[in-house]
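Engineer: Make a model of this:
(one chain, ligands or ions: 1)
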Amino acid sequence: MKRILVTGGAGFIGSAVVRHIIADTNNSVVVVDKLTYAGNLESLTPVADNERYAFEQVDICNRSELDRVFAQYQPDYVMHLAAESHVDRSIDGPADFIETNIVGTYTMLEAARQYWNGLDASRKEAFRFHHISTDEVYGDLHGTDDFFTETTPYAPSSPYSASKASSDHLVRAWLRTYGFPTIVTNCSNNYGPYHFPEKLIPLIILNALAGKPLPVYGSGAQIRDWLYVEDHARALYLVVTEGAIGETYNIGGHNERKNIDVVKTVCALLEELVPNKPEGVEHYADLITYVTDRPGHDMRYAIDAAKIERELGWRPQETFESGIRKTVQWYLANESWWKRVQDGSYAGERLGLQ
Ligand code: NAD
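Structural biologist: Residues are numbered from 1 along each chain as shown. From the prediction side, this is the model:
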């Protein structure tokens, strides 16, 4: 049995990783999460009573608290997901992105390295620090037949992707300079259950159900490569347990879709699954509203995931069609989860949202 420290475990992907580890392995997890607006303990309800799960509300920029957590839980692996993650928020206010994504990753690296230095030889050799990152560090693609590989040069466009690129560089420098055992993964756009409703797919589902406009940036021609979050969670667990130190693995689902087509697919599924529409709405797709494009908006992302498929035998289980159907069905069945996000009650009084 391994002890895994998961930062950002109350977020969208982190909570999927924690649910996967608790449900499908015999390992234990300690979540380190500051509980920003994006952190939601209700996404961890399925594991909350499990004795292999623990939660620590800690900011990854707080070195003394991190030292306490490492000493107390003695992890074998770190999976570092905590980050500010929303591109639009990074454009409106980059400061938190610099603080959490860059300074926070640096603080995690130093706390983890000090802890690792104190381990006995066999645990030291087995230790892994897995940094979870994004394909947005590569910038964008303009053709239709090229893909990001692990050796694509970095060219980030937004404050978000620049801060993630910085953190990736720090992680690789800690490997090269200190011999600290790191692994990096860069993944394409995730979607699925428990996704915060500011992101495209849940926003479209919930706005459509409420009869509100469905905002689409520019002409909606931007292409993203979509991966079902549970497929990502399985890939991350495989990488931290079986990946090679010092390697980078790109993760993606071979599911390139134009944003406008994603929105139309969601509308078609809602037509099928929720035929009783809000008053005044004849077709959900009539709610599509084109809005001014995001500054610096990347045109196309597409991942070549051949390395993780070849070396670790990972394959996504969901196609886009099966995953998006599951996702829409999940939102329809879990109104209490997203209603509590919308009205702020998921955060109790901690964020002053109520
Ligand atoms: P999220 O915004 O849903 O969750 C982030 C979590 O980190 C939240 O629980 C939040 O409370 C926590 N957090 C934020 N600042 C913190 C701090 N200073 N200290 C401790 N905890 C803090 O993000 P997500 O979509 O789950 O993404 C997780 C990771 O995966 C991020 O590193 C992101 O860059 C990366 N990633 C995301 C995607 C995607 O499509 N969502 C794709 C590729 C990579």
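Engineer: who in the stretch 151-300 of the chain is up against the ligand?
Structural biologist: 164, 187, 189, 190, 196 (Cβ under 6 Å from any ligand atom). Glycine gets a C-beta too; all of them are placed from N, C-alpha and C.
Engineer: What about the residues you listed, which one has the most neighbours?
Structural biologist: When neighbours are taken as other Cβ atoms under 10 Å, the top entry among those is residue 164 (29 neighbours).
Engineer: okay, which residue of the chain is out on the far edge from center?
Structural biologist: Outermost residue of the chain with respect to the C-alpha centroid, by Cα atoms, centre = their mean, is residue 280; its distance is 35.9 Å.
Engineer: ok, that residue touching residue 211?
Structural biologist: Yes - at 6.6 Å, residue 280 counts as touching residue 211 under the criterion of Cβ atoms under 8 Å.
Engineer: So residue 52 versus residue 77, what's the distance?
Structural biologist: As judged by Cβ to Cβ, to the nearest Å, residue 52 and residue 77 stand 14 Å apart.
Engineer: Who has more neighbours out of those two?
Structural biologist: Neighbour count, other Cβ under 10 Å: between residue 52 and residue 77, residue 77 has more, with 20 against 16.
Engineer: Now that the more buried one has come up, it's in contact with residue 6, right?
Structural biologist: No - under the contact definition of Cβ under 8 Å, residue 77 does not touch residue 6, with a separation of 9.1 Å.
Engineer: Ramachandran angles for whatever residue of the chain ends up closest to the ligand?
Structural biologist: Across the chain, the shortest distance to the ligand (Cβ to the nearest ligand atom) belongs to residue 11, at 2.0 Å. Phi and psi for residue 11, reported as degrees, to the nearest 10, are phi -90, psi -170.
Engineer: List of residues touching the strand or helix carrying residue 21?
Structural biologist: Secondary-structure assignment from DSSP states H and E places residue 21 in helix 12-24. Helix 12-24 is touched from outside by 4, 6-9, 27, 29, 31, 33, 38, 40, 43-44, 46-47, 50, 52-53, 79, 81-82, 85, 132, 190, 192-196, 199, 229-230, 232-234, 236-237, with contacts defined as Cβ atoms under 8 Å, 6 or more residues apart in numbering.
Engineer: I appreciate the help and will end here.
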